[in-house]
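# build the 3D model from these lines:
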Amino acid sequence: MTRRIEVAGGYVLAVDVPRSPLDLHMVTAYKEGRYYRRGEKAALPMTEPEIREAYARIAVDRRSLDERLDELTRPELTARAQMDDSFIVAPWFSTRNLLDPKVLGNLGAGIYEGLSGVSGAHFFMDLQLEADGYRLSYPGSEPRATAKFYLAILRNGVIHASDHSMLECASDQRDAMIFRTFVAFFRIAKYLIAAQYAYKKVNYWGEVRVLYIIRPTVRLYIDPESRMGVQWIEPREYRFGPIDISLRQTEKRLGIAVLKPLFDEVFLTRGVMECPFFDENGHLREYYKEQMPGKVADAIG
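Residues are numbered from 1 along each chain as shown. Model prediction:
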């Protein structure tokens, strides 16, 4: 993250580079690979005991990271536990004021401008600034826990979108499943673009955790005569992800970096080996690309 600090005669840039908690980074050069640590005056090669100790620390840090991200997201998921789905983006290196409203300003208007002409983008204009960040729900007359649509973009960096997805369907109705899943796919692509905008605005370069949770309460099935129908089922929870990645480094690559691995999991639980929206090279197939606005298709790549 970078911050501009005004000083006499100009300004300086303060750069915050967080320590990577999840891996050691090997330097490969001079026909050998080595791990280095910082010494008082120079970088020094690490000994084997030092490497073992570092990996032991990484294992502890990974558990700590998982627990902290769970603490960040649990309140949001609990608040919308009755809804069909939740899509979560949570930053690894969160702070209490990561998505600073003084920097983001009218966040909804900024996202809408970047998605102008995209179906459903007008909802972002309804984001209201509150004490802990930006929120919206629709219809606004209903409690947020049960409103049909909900979006939160919080100061701590957590982004949570929740809706009625109805993704569960009879196993033999593949076409219906693909159609409904593509609706969710398109919706999540828009949320990822909104997340990219917000993190870029505040100069957050760190990685995020992406998680998609489905709690279907209905099963979609097709009647041979009417070609439609819905059957209520007991709610079950499916978790897809997590995917850990820097959204700042995935511009025009959201498809191969986030959406494909996420929706490969979704389709696998329904008996389809991989997400059919992508070709063998990981590019969005032309048929599906034509079904969405160019701005979203370009971001997917």
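
# buried residues of the helix or strand hosting Met177, list them for me.
According to DSSP states H and E, Met177 maps onto helix 174-201. By neighbour count on 16 or more other CB atoms under 10 Å, the buried set for helix 174-201 is 176-178, 180-182, 184-199, 201. For every residue, glycine as well, the C-beta is placed using N, CA and C.

# what's the distance between that helix and the middle of its chain?
Relative to its parent chain, helix 174-201 has a centroid offset of 10 Å by CA atoms, centre = their mean, to the nearest Å.

# check which helices and strands the helix or strand just after that helix sits against.
Remark: after helix 174-201, the chain's next helix or strand is strand 208-214, criterion DSSP H and E. Applying 3 or more CB pairs under 8 Å, 6 or more residues apart in numbering; DSSP states H and E, we find strand 208-214 packed against helix 48-79, strand 85-91, helix 174-201, strand 238-245, helix 260-268.

# what's the closest of these to Gly120?
When the helices and strands packed on strand 208-214 are compared by CB to CB, helix 174-201 sits nearest Gly120, at 6.6 Å.

# what's the average pLDDT for that closest one?
The pLDDT scores in helix 174-201 average 89.

# would you mind getting the angle between that helix and strand 85-91?
Angle, helix 174-201 to strand 85-91, by axes from the mean of the first three to the mean of the last three CA atoms, to 10 degrees: 30 degrees.

# element containing Gly33, please.
Using DSSP H and E, Gly33 falls in strand 32-34.

# ok now that strand, how far from the chain's centre?
35 Å.

# list the contacts of the helix or strand following that strand.
Heading C-terminal from strand 32-34, the first helix or strand you meet, by DSSP H and E, is strand 36-38. The contact list for strand 36-38, computed with CB atoms under 8 Å, 6 or more residues apart in numbering, reads 27, 43-46, 50.

# quick one: low-confidence parts of the stretch 201-301 of the chain?
In the predicted model, the stretch 201-301 of the chain carries pLDDT under 70 at residues 224, 226-228.
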